[in-house]
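Enquirer: My questions are about this predicted structure, shown below with the sequence.
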Amino acid sequence: MAEDEQPERLRPDRPVTVDDVRQLMGASTPHFALQLRNRIRNLIAGLPDEDPARIEGEREIARLERIAFTGETRG
């Protein structure tokens, strides 16, 4: 899992949507959680606090941080 973003999502004239955040969330596993967290953080960085995509992104960042450190057990 790379932290590079799809060029389409980086276009300055394209608004960030909740669906953009959810597309990244779909691949979340403990193994890739921190890379996904960084991609979401970069995606929502310039959004205002009340933007729905930012709210969803911050919620997902918190979840990814939890599963990154506690979500995988090995036996």
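Expert: Received, thanks.

Enquirer: and the most centrally placed residue in the chain, what does it touch?
Expert: Among the residues of the chain, the one closest to the centroid is I40, at 2.7 Å (Cα atoms, centre = their mean). Residues near I40 by Cβ atoms under 8 Å, 6 or more residues apart in numbering: V21, L24, M25, G57, E60, I61, L64. Where C-beta positions appear, they are placed from N, C-alpha and C, glycine not excepted.

Enquirer: in what helix or strand does the closest residue to it other than its chain neighbours lie?
Expert: Nearest residue to I40, sequence neighbours excluded (Cβ to Cβ, 6 or more residues apart in numbering): G57, at 4.8 Å. G57 is part of helix 52-70, with elements assigned from DSSP states H and E.

Enquirer: pLDDT (mean, whole number) over that helix?
Expert: The pLDDT scores in helix 52-70 average 92.

Enquirer: from what I can see the residue nearest to I40 touches R39, true?
Expert: No - counting by Cβ atoms under 8 Å, R39 is not a contact partner of G57; they are 9.8 Å apart.

Enquirer: Contact partners for R37?
Expert: If you count contacts by Cβ under 8 Å, 6+ apart, then R37 has E60, I61, L64, E65, A68 around it.
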